[in-house]
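# 3D, please:
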Amino acid sequence: MSFDKKTTIKIAKHRAKKPLDDIEDEQELRLALQAHQALFEHQNPNLDYSKSKLFKNVARYTPALSEGYINSVARLGMREIEAQKTSDPSEDPFDGFAFGAEDLKFTNPDSKLCFYPWALFSGGQGARTANSAISNNWITKTPRDKRVVLLGDSGGYQIQEQSIPFDPQTTPERMLRWLERVADQSMVLDFPTGGVATGALVPHTEMLIAEGVDVFGEAKKAGFSSSYMAALIRTRQNNDYFATNRVPGATNLLNVIQGRNEEESRFWYEQVRDFPFEGWAFAGKHSVHLSITLRRLIQMRDDGKLRPNSYMHFLGVSTFKVGCALSMIQRALRKYTDAKGIQLTFDSKSPVDAMANGYQAIVGYDFGPDRWSVRTEKTNLKKYLGSDVLLADTADAWVAKKYGRHKARSTLGYILRQKDLVGTADPKTYNRVPSALQQAMLVHHNTQALIEGFRKAYRFLDEKSFPDRPESVAHLNKIIRAVFIAKDPFAVIDEWAVQLDALSYEGVFGK
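Numbering: from 1, shown residues only. Predicted coordinates for the structure are as follows:
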């Protein structure tokens, strides 16, 4: 049956009104997303995750934006504008698609693809130099869009990796002013303890000694290595600078807790807990060694360090099980402590990494009773050159093999064909390198697909769904509740430590 254009648009509008949250049936979802696609030239579809009922009282994933993706989308936008000025469609990278560069910005409320209002960007990329720290891009432009919550990382990881230099006289000031200018919630400038084992902290230890700090004496006194003590000393110095020189109200500062084990974590917390900051951030293994994290949360509760309506961020993690575990912790904090309305968040750059490491697309989710994970497959393959199969259908065969598997969801997944992501062969080397547009579309697809994966995972938070949760998270909510209501919470944590730390065996995309 076919309809005229006016009738088709009317049907599409009706179908697009249904919230995607309410759609579980795969065929109905396909029709709804095709309806959104049909409306691209007539009105903006409302794929607005800020209104999603499943993101109301859960830990929120904040995609870590890369400078490469931000700049690539900006350049594509300039090419698009120039092509429109010259009326030359052959110069428009988006020729043939019903969307443009503005739609690849998932923090854009008017995007035709989706609007996701929570993201993270690091000063290690946005403020590497004095000039970059005062430059604007589409995620750091001012004034801030009040509909978007941007978390700012302070660049400590990049300093540890030596991708940017550290000057104690200028770096804290540059990072603080950048964070105040662009971010709503900001990590203080910590020095990660991950650099202890790699030797990355040796130069900083030497720098502190040259400044007259007795690093070895302090380390011996506390019973830790000199590298760990150097990371803590430099972090405390930076905290002092932030606390003294901040512009009140410009951004909320999150006090970062580092540490590779319980002893390091506890000592670090006790050394930084009295800084006058608004929230907390947990780095390293805290997101998967929940026994350590719960001990810190109990200390924070007993010390009166948990604030209502504050933020608590977990750095560098994005598995479905961790998302659910942190959601359980958030609900317990809201119910059993003074931290009413607290919001937990977590981040990773996995969508970008999947693209960069072999042009992989997130094509499926495994929510079987024995494992929760993400399925990725390479896209830049010669066999896909003439394929009209939708990106959303790439994992059909994989999904059919096992109960609990599902296709990955994204708006682009129902627009792009497999052939749309295959690069053009170099005439000399015959290598196929996807274009800037193909890479950007793949990152956007991966980002939304991962967001959709968390939205699906959060359906299992309902207590009626606990039999369908993997063993590592099946009863976590009961253990977490027991910790917060116990007279001796540390005894409960000790009793359940193995179960609480089971997530430490997860891979990047779970297992």
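
# how far does stretch 271-282 sit from its chain's centre?
Computed by Cα atoms, centre = their mean, to the nearest Å, the chain-centroid distance of stretch 271-282 equals 22 Å.

# and the contacts of that stretch?
185, 187-188, 232, 235-236, 239-240, 242-243, 252-257, 293, 296, 299-300, 303, 305, 307, 310-315 (Cβ atoms under 8 Å, 6 or more residues apart in numbering). Where you see a C-beta, it was placed from the backbone N, CA and C, and this is true even at glycine.

# and with 6 Å instead?
Stretch 271-282 is contacted from outside by 187, 239, 243, 252-257, 305, 310-314, using Cβ atoms under 6 Å, 6 or more residues apart in numbering.

# how many neighbouring residues does residue 387 have?
For residue 387, the number of neighbouring residues by other Cβ atoms under 10 Å comes to 16.

# ok, back up a step: for ChimeraX, write a command that selects the buried ones of the contacts of stretch 271-282.
Burial among the contacts of stretch 271-282 is assessed by 16 or more other Cβ atoms under 10 Å; the matching ChimeraX selection reads:
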select :187,239,252,253,254,255,256,257,305,310,311,312,313,314
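
# just the ones of the contacts of stretch 271-282 in helices?
In helices, defined here by DSSP state H, the members of these are 239, 243.

# just flag the most distant two among the contacts of stretch 271-282.
The largest separation in these, counting by Cβ to Cβ, is between 243 and 314 at 22.8 Å.

# care to break this protein down by domain?
Listed domain ranges for the chain are 5-46, 64-116, 117-351, 353-460 (source: automatic domain parsing).

# out of those, which gets the lowest mean score?
Ranked by mean pLDDT, the domains of the chain bottom out at domain 5-46, with a mean of 53.

# can you give me the strands in the chain?
60-63, 118-122, 149-153, 185-187, 252-257, 279-282, 311-314, 343-348, 360-368, 371-378, 405-407, 424-425, 432-433 (DSSP state E).

# check contacts around residue 398.
Counted by Cβ under 6 Å, 6+ apart, residue 398 has contacts residue 364.

# residue 189 now?
Residue 189 neighbours (Cβ under 6 Å, 6+ apart): 154, 156, 172, 175, 238.

# select, from the residues you listed, the two members most distant in space.
Longest distance between any two of the contacts of residue 189 is 10.8 Å, between 156 and 172; criterion Cβ to Cβ.

# higher neighbour count, those two?
Neighbours per residue, other Cβ under 10 Å: of residue 156 and residue 172, the larger number sits with residue 156, 29 against 22.

# for the more buried one, give me its contacts.
189-192.

# now it: how far from residue 297?
22 Å (Cβ to Cβ, to the nearest Å).

# and if you look at residue 147?
Taking Cβ to Cβ as the measure, residue 147 falls 30 Å from residue 297.

# what about these two, which has more around it?
Counting neighbours by other Cβ under 10 Å for residue 147 and for residue 297 shows that residue 297 has the greater number, 25 against 12.

# what separation do you get for the more buried one and residue 500?
On the measure of Cβ to Cβ, residue 297 and residue 500 end up 12 Å apart.

# what is in contact with those two at once?
With the criterion set as Cβ under 6 Å, 6+ apart, the contacts of residue 297 and residue 500 do not overlap.

# list the residues that contact residue 293.
residue 286 are the contacts of residue 293 under Cβ under 6 Å, 6+ apart.

# could you redo the last one with a cut-off of 8 Å?
Taking Cβ under 8 Å, 6+ apart, one finds 282, 286-287, 329 in contact with residue 293.

# let me know how buried residue 459 is, in neighbour terms.
13.

# is it correct that it is in contact with residue 465?
Yes. Between residue 459 and residue 465 there is a contact at 6.8 Å, judged by Cβ atoms under 8 Å.

# give the buried residues for the longest helix anywhere in the chain.
For the chain, the longest helix by residue count, based on DSSP H, is helix 436-457. Going by neighbour count (16+ other Cβ under 10 Å), the buried part of helix 436-457 is 437-457.

# next: stretch 454-470.
Neighbour counts over stretch 454-470 (16+ other Cβ under 10 Å) mark 454-458, 460-461, 469-470 as buried.

# need those in CSV (columns: distance to residue 261).
Listed next are the buried residues of stretch 454-470 as CSV, based on distance: Cβ to Cβ, whole Å:
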residue, distance to residue 261
454, 29
455, 34
456, 34
457, 28
458, 30
460, 30
461, 29
469, 28
470, 25
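
# all helices of the stretch 201-350 of the chain, in order?
202-210, 215-222, 226-245, 262-272, 290-303, 320-336, 350-356 (DSSP state H, counting those that start in this stretch).

# tell me which residues are up against the longest one.
What that stands for is helix 226-245. Outside of helix 226-245, the residues within contact range by Cβ under 8 Å, 6+ apart are 156, 168, 172-173, 176, 188-193, 195-196, 199, 201-202, 204-205, 208, 213, 215-216, 218-219, 222, 253, 255-256, 258, 264, 267-268, 271-272, 275-277.

# widest-spaced pair of the contacts of residue 156?
So, the contacts of residue 156 by Cβ to Cβ: farthest apart are 189 and 192, at 10.9 Å.

# and residue 478, what does it touch?
Contacts of residue 478 (Cβ under 8 Å, 6+ apart): none.

# what's the separation between it and residue 112?
43 Å.

# who's in contact with the residue lying closest to residue 130 once chain neighbours are set aside?
In this structure, residue 130 finds its nearest non-sequential neighbour in residue 174, 6.2 Å apart by Cβ to Cβ, 6 or more residues apart in numbering. Residue 174 makes contact with 123, 127, 130, 133 under the criterion Cβ under 8 Å, 6+ apart.

# look up the closest residue to the first one, ignoring the ones flanking it.
It refers to residue 123. Leaving aside its chain neighbours, residue 123 sits nearest to residue 155 (3.9 Å; criterion: Cβ to Cβ, 6+ apart).

# run a quick neighbour tally on the one you found.
26.

# wait, doesn't it sit right on residue 129?
No. Look at residue 155 against residue 129 with Cβ under 8 Å: they stay out of range, at 11.4 Å.
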